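A.B. asks: Sequence and predicted structure, then a few things I'm wondering about:
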Amino acid sequence: MSETLNTQKPRIDGALKLSGGADYTADINLDGQLYGYPVGSAIASGELEGLELEEALGMPGVVDIFHHDNFDRTLKHSPNSFAEKNTVSEPRLPFEDTTIHYHGQYIALVVADTFEHARAAAQKVKGKYRANDQVISQFDELDADNVAGLPGVLQEGDGQSRGEADTAFDAAEVTLDHHYSIATETHAAMELHASTATWSGDHLTVYESTQGVVFQRHALSHVFSMPPEQINVISHFIGSGFGGKLFMWPHAIMTAVASRRLKRPVKTVVPRQSVFTSAGSRPRSIQRVRLGARADGTLTSIRHDGSNETAFVGMHNDTVISATPSMYACENVSVTNRVGEVNHGMPCPMRAPGEAPGLFALETAMDELAWQLEMDPVELRKKNFAERDPASDLPWSSNHLIECWDNAAKRFGWENRTAEIGAMREGDEIIGYGMASQSWEAMRLQCSARVTFLSDGRLQVSCGTQDIGTGTYTIVAQTASELSGVPIEDIDVRLGDSSLPSGPLSGGSFATATVLPAVKAALDAATQALIDKVTQDGQAFSDVDSGSIELSDRALTYGDRSIPVTTLLEELGIGQVTAEASAEPGDEQSEYSFRSFGAVFVEVRWDPGISRLKVERIVSTIDIGRAINPMTARNQVEGGLVMGLGMALFEQTEYDKSGYLYNANLADYIVPVHADIPPIDVELLDYPDYHLNAFGARGVGEIGLTGIAAAISNAVYHATGKRIRDLPISIERLLMAN
Amino acid sequence: MADATLDATVGHVDPDDTSSLQTIELTVNGQTHTLTLEPNVVLLDALRERLNLTGAKKGCDHGQCGACTVVIDGRAMNSCLLLAALAEGQDITTIEGLADEDGTLHPIQQAFLEHDAYQCGYCTAGQMMMATSILNDKDIAKDPASIKEAMSGNICRCGAYKNILDAVQSAHRTIEGA
Amino acid sequence: MQSFELIRPESVKDAIGAQSERSAFIGGGTTLVDLMKLGVMQPDHVVDTNRLGLDEIEALDDGRLKIGARVSNSRLAIDARVERDYPVLSQALLSGASTGLRNMATTAGNVMQRTRCPYFRDPAKPCNKREPGTGCSAMDGINRNHAVLGTSEHCIATHPSDMCVAMAAIGATVVVEGRKGTREIPFEDFHLLPGDHPEREHDLRSDELITHVVLDAPLEGAVSTYLKLRDRASYEFALASCAAIVTLEGTKVTAARIALGGVATKPWRAVDAEAALVGEEATAKMFEQVALLAFQRAMPLEHNAFKVELGQQAIARALRDAVQQASQGEHQ
């Protein structure tokens, strides 16, 4: 394997994306479609006592308004099971009852003949509320009544411990005990959530911006009590999701109900404000990290206790402690996580859930420990390198973290760092260097795929997964091309359709490791089907041992005999040969521990005269096994680093004391723009992880976002002497900190 | 909540009044389209929902993201904040009109392809339309800092900014060299 | 966005004739269309100004510069006379919004820009500016972006414009035309403090249209800087900004104009700071001292207290940067 895999290939869907031809959900206009426009609650907690609808119903073009009093009572909750692939984001059905749990909770859906009419009428729908006096706009560590000093209910399943972390902490030569927090963040994918539903008899087709067509199909099948086969969910192109589009949201149910009742297609493009209030967030979390070490830097105790907010409408455990037990060789470790309810919209996974907030806390704490020990932060980490996974006590499938630290440090010029605060200056600016480790669990799941040899020589590969911008279309084509000898431009890849063989969610960095083995299995099966035909009596290879026939360069070959696949199909008089197959992980899962690793180094510039902080450059070396397409893989890491820059410096979804989501728009929710972006140098190591799959690929979507916030906060400390343990590191925090 | 301003509007709205419909001509990518629509239709929605030119995208609907950027009389503008009727008589270029008629990609499209200057592709049309406008603007310098500043109204949440910058600089060299 | 009638007059006179209590002029639309979509502004008639001309930039004999209402922010920023005589205005314009929005936004529209207070921008929330007497949600809500200068108990909304801050420092006249004829309004009197009537934002009668903004003649030998401080590096409203214009004789300040953005309810002239600076040595220490004066009467709230110090930093640095140009011989 080398010609097509692990080489930089322009995206096969590039021409469509660059011409405006890619059909994102909201781009699909169906004949006779109506437009849905949601109305959100003005309050965050209370009862909806009624709606003023009369004026809106009388407005031009308004067809109907859906709300609690007229909503479909036959709907059922999805079981919300990941194993059964029917997880939903918000378990509550839309308009199910009249209790208001969060600002922006849908109270009505206006349906009209045009978008403008729907929006105008939606502005005239007013809720009548009985507001609760008590709104829990955020939980607070002051409320805590437990040993960790954190709010929320302990999640027993997350607890992990080894050794005696408490005793070892008390006995440690050097200790550290700090609280860290991150603000609520919003995915803010550029594409608005959107759903178009259309019914044909008892069949439902939903065009949805989703990271999981299969999950949404199953969830809808439970909600509407229909067999999954009568539902199809289509998502050919997704304007990314970052976790916010993994699982179905209520707008999709509202839209499908409206379409069924009105007997016309209904298209709902969720307005940006509602995307903020009602389509997910990374919840705010508070973390306490306690480290104990010997004077030489050897960690003797790690205690990491986390707590994240969730909504009253559903449980989301953000597992901020997930990476901690595996990060460093330490005999005494204990981690816990808590979850507490607040009057916010439902949180959900957001890119690198768990690891991104968790490693901010742990890797900042490691930096603090290094300063306490007067030790180089890289050396401290090397001192505690874990030769095998200390959490599972399994060997790593592949781990090149030391090379990540060394390479990134070298490329960055870490040796120029002075181990003194504020000592490096240039003009008005003080220079700070910081670093952190990066890590993300490498997963692989079950997957099916279909491969079809077509009579014109093309190869079609189908899988019910999606390409959310990570490059799945392209790497599937690369893989099929590599294995079949069919040139990449002659390969058709079909994704984003729940009627295709069941594929994984596009999330968790597991799609690549999961899908490619299924593509190989399906190609092998389709090839075998060809072989079975060509070895039948009277056929070209009827005289040979079928086990010795190979597919190579678009032909079946046996020794020096060869028959092109197209010729074969023509001679057989059949248009195509197709096969479907599945692949799933095996015993290796209990034999090895699979993680990706990386190291990130950051230079910041701090101008104290005007309280201006900027990231000057970022260097990262990443160990993700093999990159199938280094160009798209590097892009993923860079994108993660950019999002991490936002997480560190800007991003916070703000709720005021009344639970009102104050900055539900892209002007007030600050994300990085072009001008914020420093030179970024990403190196991808190439150590294929063949324990995980035959392609050596571990996936790359999340890891760039891990560690970067800590690297920035550590650089800020080096420059300013201000240790900001709460994200974002805002101007006021820098100004007010001592 | 009572809203004096909103309530005052009520008497002025006649649901059966269709007199506000107006017929306009929009010239998009060299083609003239006749549309009958109400004045509160913005150009973005007219392109997407009426003309089925869905390359320009809605990311915020309030001039806060740049995904809807189109070029009007040579200048990049946020089509979500432009009433369609006010674009009458102007030369509107969308992403669908960027490539040559024979399909040859515009240098900016070619550069985006080669530099992988996108991920999900949703902001991409806006990025490229803004880039073409900037590259044609002699008053905007073409050093990295100036390009980044000029492009800052086009948010890419995937964070493909580095590759976008590379692509814009590369297209600039191509165009200058041509 | 509710429905409305679009009127497209061909003359200023017709435009004024079409204007009423329930109408709004549209230029670039970057404020109006935005607020109409939110339901914050709901005019019955929208009167288009794009066929009225008013798109010239004209040097007057008395040294002033007359800018047509419809001149776009982009064009104004790169006008050779502006770049030469009023670089602070060019810098301010280019620090605002984005390339696309500046291509649309007009000079008059920018003068008429409305606050970005999220409570103002949501018709579901109480807001004295949008709906007099309903209360101020920001006072006890999130007020990080809000003003510390010029506030009242009824409103703390920040004026968002960068352009206006530069114009306040330069000195200008807003020329308006109404049914009763033409009026010239000094720039500092055009925008109103919220006081007891935050809904009144400017000294413009309902039938009046801004036709021009005339910049005062540039100060001889002045140096200037516009400095904008914010979270991200671009495409964000100011948390604090300062337009500083200074003339020097040797190392002494002979004239100073200091205007602030992001911290006040209107484009804010720091007159106390200006007065204290004139006649003094142009030193960093002096800049820091006068910067304190500018915020003597600041009324910080729960989340915006940092703006006092940030605003002072903006003044001190803007003055220093301007004066450094003088020492480097960059003044005209």
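C.D. replies: Here it is on my side, so go on.

A.B. asks: Need the three-state assignment for the spatially closest residue to residue A:150 that is not a sequence neighbour.
C.D. replies: Once flanking residues are discounted, residue A:150 sits nearest to residue A:307: 4.0 Å by Cβ to Cβ, 6 or more residues apart in numbering or on different chains. All C-beta spots, glycine's among them, are computed from the backbone N, C-alpha and C. Per DSSP: H, G, I helix; E, B strand; the rest coil, the local secondary structure of residue A:307 is strand.

A.B. asks: May I ask you to confirm that residue A:307 is in contact with residue A:287?
C.D. replies: Yes. Using Cβ atoms under 8 Å, residue A:307 is in contact with residue A:287, at 7.5 Å.

A.B. asks: who touches both of the two?
C.D. replies: residue A:150 (Cβ atoms under 8 Å, 6 or more residues apart in numbering or on different chains).

A.B. asks: Let's verify residue 129: helix, strand, or coil?
C.D. replies: No chain was given, so I picked chain A. Quick answer, by three-state DSSP: residue A:129 is strand.

A.B. asks: hmm, I had chain C in mind actually
C.D. replies: At residue C:129 the chain is in coil, as set by three-state DSSP.

A.B. asks: which ones are touching the residue nearest to residue A:150?
C.D. replies: A:139, A:141, A:144, A:148, A:150-152, A:285-287, A:337-340.

A.B. asks: do the same with residue A:338
C.D. replies: Neighbour list for residue A:338: A:146, A:148, A:150-155, A:305-308 [criterion: Cβ under 8 Å, 6+ apart].

A.B. asks: are any of the residues you listed buried, and which?
C.D. replies: Neighbour counting by 16 or more other Cβ atoms under 10 Å in any protein chain shown classes A:148, A:150-152, A:154-155, A:305-308 among the contacts of residue A:338 as buried.

A.B. asks: next structured bit after the helix or strand of chain B with the lowest mean pLDDT?
C.D. replies: Ranked by mean pLDDT, DSSP states H and E, the helix or strand of chain B with the weakest confidence is helix B:4-10, at a mean of 32. From helix B:4-10 onward toward the C-terminus, using DSSP states H and E, the following helix or strand is strand B:22-28.

A.B. asks: Direction included, what does that following strand pair against?
C.D. replies: strand B:31-37 (antiparallel), strand B:91-93 (parallel) (DSSP bridges).

A.B. asks: any chance of those strands in JSON lines, plus mean pLDDT?
C.D. replies: JSON lines is the format used below for those (pLDDT from 0 to 100):
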{"stretch": "strand B:31-37", "mean pLDDT": "97"}
{"stretch": "strand B:91-93", "mean pLDDT": "98"}
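
A.B. asks: Among those strands, show me which one is buried the most.
C.D. replies: Highest mean neighbour count among the strands paired with strand B:22-28 (mean count of other Cβ atoms under 10 Å in any protein chain shown): strand B:91-93, with a mean of 20.

A.B. asks: Following the chain onward from that strand, which element is next?
C.D. replies: By DSSP H and E, the next helix or strand past strand B:91-93 is helix B:107-115.

A.B. asks: average model confidence for the next helix or strand after that next one?
C.D. replies: Going down the chain from helix B:107-115, the next helix or strand is helix B:124-135, by DSSP H and E. Across helix B:124-135, the average pLDDT comes to 98.

A.B. asks: And stretch A:181-192, by the same measure?
C.D. replies: 98.

A.B. asks: That one close to chain B?
C.D. replies: Yes. Stretch A:181-192 is in contact with chain B by Cβ under 8 Å from any Cβ of the partner chain, via A:187-192.

A.B. asks: so of these, which ones are in helices?
C.D. replies: Using DSSP state H, no member of the residues of stretch A:181-192 next to chain B falls in helices.
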